[in-house]
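> For reference, the sequence and a predicted model appear below.
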Amino acid sequence: MKQMNWKELPHAGTVLKAGNANEYKTGSWRTYKPKWVEENCIQCLFCWIYCPDSAVVVKDEKMTGFDYDHCKGCGVCAMECPGKKGNKAIVMEEEGK
Amino acid sequence: MAVTSTKTVAVTGNQAVAEAFRQLNPDVMPAYPITPSTGIMESFTKFVSDGKVDTETILVESEHSAMSACIGASAAGGRVATATSAQGLALMWEMLHIASGYRLPILMALVNRALSAPLNIHGDHSDGMGMRDCGWIQLFCENAQEAYDNTIMAYRIAEHKDVRLPIAVNMDGFIISHSIESMKFIPDEDVKKFVGEYIAMDPLLDIDNPKSIGALVLTDYYMEHKRAQHEAMKNVKKVVADVSAEFAKLTGRKYELFETYRLEDAEVAIVALNSAAGTIKDEIDRYWEKGVKVGLLKPRMFRPFPYEEVGAALKNAKAICVMDRADSYGGMGPLYMEIASAVANNRGAVLFNKIYGLGGRDLMPHDVDQVIEETAEVAKSGKVKMVKDYMTVRN
Amino acid sequence: MSATQEKPMTLKSLSHKKDNLSGGHRMCSGCGAPTVVRQVLLAIDEPVVIANATGCLEVSTCLFPYTAWRVPWMHSAFENAAATASGIETMYRSLRKQGKLKKEMKFIAFGGDGGTYDIGFQALSGAMERGHQLLYICYDNGAYMNTGIQRSSATPMGADTTTQPVGSKIPGKTVRRKDLTRIMAAHNVAYAAQASPHNWRDLMTKVKKALATNGPAYMGIMAPCNRGWRTQTNDSILLSRLAVDTCYWPLYEVEGGKWTINYDPKDKKKPIAEWLKPQGRFKHLFAPGNEALLERFQKLVDDDWESLQKLAAAFGAK
């Protein structure tokens, strides 16, 4: 983003574009990456409700994957994932592998 | 608009400001009681209880919360006013910067009082001078009429699109706030017309356009924000002049950025704020009769300070005594420093500083006489005895 | 319209709602606070306006020129979220009264424990006493985490913080924490409750109740901080669950003077060591010679739990 000069600043520094933090990518913070194992997913959506970064993508009431632009790789989703028959539907993998 | 006329009333300074507040009818008024400004809120809350205003009060648990609530209410999108003094203003200090940084046109009646310690409830300008660098417009008033008039003009100045800054209207605690004076009120309908409807800028309650007010700003943008704030302050001078001219058409009462009294041909100049000006004017008249060419400059707009205009007004003065009703321990009085900056390019003026009236100590006519005589002496000799001195102090 | 008459909340039904806190905020990886905020915002159906105290949540969600908030949001200072919200809410009432504003809105103030238990305590108390129609939510991570883990009056006894570090003479914080939820209940507010993000249904039901009530409301919500607690990034929900299961952070509510415990683990109440052990800030409590500290911690938890049960028995539903 090009930096504004003082005359271009919004009045009083108010941020007028609601939710524009979405344009800022925090995906590069990750050292571990969640991987969705669809066959173990029971669609409980715990991953979605517990994600601190709004990075679990849900469409039509179903988890469909991750928003890797914003996921910081904390692993809360994998930790809380009940999985199926003892097999997790989300596993953490080292980033870049 | 024709000059409006109304009957003369006898009221205290606090009652005058409360009446202005009633006529301005702010949407929200957060306040906390503190002497000597309490009377404003007492009178105003009676108007609220009697249904004479639309205002919702927030009777907060501290002045810090009073200014915080002013900020929240103003950002929400409406007119806000409050009143305070001394320790109350000091407790608000953190929030004063935030009010101006967020460009919120909040109106404050500041009834000037000494700061503790030692504890003292009487009038001096320590509180107002302490908010000098807080980014507020500051108007100073000699008497109840000026306090009333400036309060009526305040929203027009603060809310102007080129300004959008908070404004403090100052008057001397007890000397003005609690003394009954004769003055004139403007009819309600004229005030309503003069002030006009509030136009919000980026109001928080515009729920369909959600916005975030009060972001964290780091090294990459902080200076740009502050530069923009200074620009708004630079615009104040013209707006004050325009609003005052319009006010003069309405009332016949003319206000400039500062008042001069017999200053044009004066070689001896006194500079002082607020109520002391009344006494000084009387003594100036007496000394002209004795052949002393002495005049007064009484700043009305202290922030932003009109350096060029003040410098020009003092250009003929050979000696200038700046009287400060506040002190900067180990430094010069705050008004002195402004005047010194204003006359820095003037040729030949000798400047000195008298600290007077701290903690409400009276300034008597014979005290003013001493100042005039000493300044006249300095104008002749070109020599200052003491650059900074304290008046009426027992040695 | 009471929340209880509505259909039970499900995650599937909630997933249709817009997330009003966007990604791209700068909260630490695995922080509990944004999960709390997301759940709070998902619980609300009406337009809502937020006031936020200075703290982690504030600096990380609105860093110029970005904001993660999709609802009107305002920050002014550290100690005054309740006072700022009072101003916003009062302007709303004034403009509505004058017919200048049509829409109905709700008001929430967020503060961390430093901004709520300590420096913002007076402003909070004042706002609750004045009866503003607003919900104050403290996301409680038990220290000044934003500035680097300094102790607050919400810090648990024994915790290692940067201003009361564990040393050879002093074993971390020597006194117990303030019980703010009970203090808020003592203000006779319309609604006061404790919640935890692991139990999203309980948390969101409480937010709905708090906003539906007539008068001021307070909620204390557990928000684990893996940096300050010295735990893993993936255990914020696990630790908030353990805080409840050990009765360190009981889920309860006080509605118009009626005390209700929302979750009683009964014979499944876990020893406090299970919550303390994964946290590096309590490591010293498990060192030889510090058994008495651990025992004291357990006793404080047990005593608080017992007194809460007594309150619920004495002032609960008849």
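Received the coordinates, thanks.
> What's the separation between the residue in chain C positioned nearest to chain B and residue C:51?
Residue nearest to chain B within chain C: residue C:87 (2.7 Å; C-beta to the nearest C-beta). All C-beta atoms are positioned from the backbone trio N, CA, C, and that covers glycine. Distance, residue C:87 to residue C:51, by C-beta to C-beta, to the nearest Å: 9 Å.
> Common neighbours of the two, please.
With contacts defined as C-beta atoms under 8 Å, 6 or more residues apart in numbering or on different chains, the residues shared by residue C:87 and residue C:51 are residue B:72.
> Correct me if wrong: residue A:13 contacts residue B:217.
Yes: Residue A:13 lies in contact with residue B:217 (C-beta atoms under 8 Å); the separation is 6.3 Å.
> anything in contact with each of the two?
Taking C-beta under 8 Å, 6+ apart as the contact rule, residue A:13 and residue B:217 both touch B:225, C:64.
> Between these two, which has more neighbouring residues?
residue A:13 (22 against 19; other C-beta atoms under 10 Å in any protein chain shown).
> Find the nearest non-adjacent residue to the more buried one, please.
Spatial nearest neighbour of residue A:13, excluding adjacent residues (C-beta to C-beta, 6 or more residues apart in numbering or on different chains): residue B:225 at 5.2 Å.
> Touching the host helix or strand of that neighbour from outside, list them.
Using DSSP states H and E, residue B:225 sits within helix B:222-234. Contacting residues not belonging to helix B:222-234 are listed as A:4-7, A:9, A:13, B:100-101, B:103, B:135, B:137, B:162-165, B:217, B:303-304 [C-beta under 8 Å, 6+ apart].
> At which residues are the strands of chain A located?
For chain A, the strands defined by DSSP state E occupy A:32-36, A:56-59, A:62-66, A:90-94.
> Reformat those as a markdown table; add distance to residue C:143, mean pLDDT and mean neighbour count.
Output for those, formatted as a markdown table (distance: least, C-beta to C-beta, whole Å; pLDDT from 0 to 100; neighbours: other C-beta atoms under 10 Å in any protein chain shown):
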| stretch | distance to residue C:143 | mean pLDDT | mean neighbour count |
| --- | --- | --- | --- |
| strand A:32-36 | 26 | 98 | 19 |
| strand A:56-59 | 29 | 98 | 17 |
| strand A:62-66 | 31 | 98 | 17 |
| strand A:90-94 | 27 | 98 | 16 |
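> Out of those strands, which gets nearest to residue B:23?
strand A:56-59 (55.9 Å; C-beta to C-beta).
> Residues contacting the closest one, please?
Under C-beta under 8 Å, 6+ apart, the answer for strand A:56-59 is A:45, A:47, A:48, A:63, A:64, A:65, A:66, A:67, A:77, C:15.
> Report how many residues lie close to the third one.
Look at residue A:48: counted by other C-beta under 10 Å, it has 22 neighbours.
> likewise the last one?
Using other C-beta under 10 Å, residue C:15 has 20 other residues around it.
> ok, it - contacts?
A:45, A:48, A:58, A:61 are the contacts of residue C:15 under C-beta under 8 Å, 6+ apart.
> of all these, which two lie farthest apart?
Farthest apart among the contacts of residue C:15 by C-beta to C-beta are A:48 and A:61. That separation is 10.1 Å.
> name the element the residue of the stretch 1-150 of chain B found nearest chain A belongs to?
Closest residue of the stretch 1-150 of chain B to chain A, C-beta to the nearest C-beta: residue B:103 (4.0 Å). According to DSSP H and E, residue B:103 maps onto no helix or strand at all.
> Do I have it right that it meets residue B:165?
Yes: at 6.3 Å, residue B:103 counts as touching residue B:165 under the criterion of C-beta under 8 Å.
> Which of the two has more residues huddled nearby?
Using other C-beta under 10 Å, the more surrounded residue of residue B:103 and residue B:165 is residue B:165, with 28 against 23.
> so that one sits right up against residue B:108, yeah?
No: under the criterion of C-beta under 8 Å, residue B:165 makes no contact with residue B:108, lying 11.8 Å away.
> Please enumerate the shared neighbours of those two.
Applying C-beta under 8 Å, 6+ apart, one finds that residue B:165 and residue B:108 are jointly contacted by residue B:136.
> Low-confidence regions, chain C specifically.
C:1-6, C:318 (pLDDT under 70).
> Centroid-nearest residue for chain C?
The centroid of chain C falls nearest to residue C:221 when counting by C-alpha atoms, centre = their mean (2.3 Å).
> what about stretch C:52-63, near chain A?
Yes: using C-beta under 8 Å from any C-beta of the partner chain, we find that stretch C:52-63 touches chain A at C:61, C:62, C:63.
> Show me which of those residues are buried.
C:61, C:62, C:63 (16 or more other C-beta atoms under 10 Å in any protein chain shown).
> count of neighbours near residue C:265?
By the criterion of other C-beta under 10 Å, residue C:265 has 13 neighbours.
> give me every residue that touches the closest residue to it other than its chain neighbours.
Excluding its sequence neighbours, the residue lying closest to residue C:265 (C-beta to C-beta, 6+ apart) is residue C:245, at 5.4 Å. By C-beta under 8 Å, 6+ apart, residue C:245 lies in contact with C:265, C:268, C:269, C:270, C:274, C:275.
> So of these, which two are at opposite extremes in space?
C:268 and C:275 (13.9 Å).
> before we move on, the earlier item: would you mind checking which of the residues of stretch C:52-63 next to chain A is nearest to residue B:50?
In terms of C-beta to C-beta, no member of those lies closer to residue B:50 than residue C:62, at 42.1 Å.
> wouldn't the closest one be in contact with residue B:215 here?
Yes: Residue C:62 is within contact range of residue B:215, at 4.5 Å (criterion: C-beta under 8 Å).
> which neighbours do the two share?
With C-beta under 8 Å, 6+ apart as the test, residue C:62 and residue B:215 both reach A:15, C:75.
> all helices of the chain, in order?
All of this is about chain A. A:46-50, A:76-80 (DSSP state H).
> if you could check chain C rather than the one you did, that'd help
Along chain C, the stretches classed as helices by DSSP H are C:11-14, C:33-43, C:56-61, C:81-97, C:113, C:121-130, C:180-185, C:200-212, C:226-229, C:236-245, C:273-276, C:291-315.
> elements contacting the fourth one?
Spelled out, it's helix C:81-97. Where contact means 3 or more C-beta pairs under 8 Å, 6 or more residues apart in numbering or on different chains; DSSP states H and E, helix C:81-97 is packed against strand B:28-31, strand B:56-59, helix B:63-77, strand C:48-52, strand C:106-112, helix C:121-130, strand C:135-140.
> so for the third one, what's the average pLDDT?
Helix B:63-77 comes out with an average pLDDT of 98.
> That one near chain C at all?
Yes: against chain C, helix B:63-77 shows contacts by C-beta under 8 Å from any C-beta at B:64-66, B:68-77.
> Residue numbers of chain B in contact with chain A?
Within reach of chain A by C-beta under 8 Å from any C-beta, chain B has these residues: B:101-104, B:164, B:201-202, B:209-213, B:215, B:217, B:220-221, B:223-225, B:227-228, B:231.
> Drop anything exposed from these.
B:101-104, B:164, B:202, B:210-213, B:215, B:217, B:221, B:224-225, B:228.
> how about the nearest residue to the spatially most central residue of chain A, chain neighbours excluded?
Ranked by distance to the mean C-alpha position of chain A (C-alpha atoms, centre = their mean), the top residue is residue A:55 at 1.8 Å. Nearest residue to residue A:55 in three dimensions, chain neighbours excluded: residue A:71, at 3.8 Å (C-beta to C-beta, 6+ apart).
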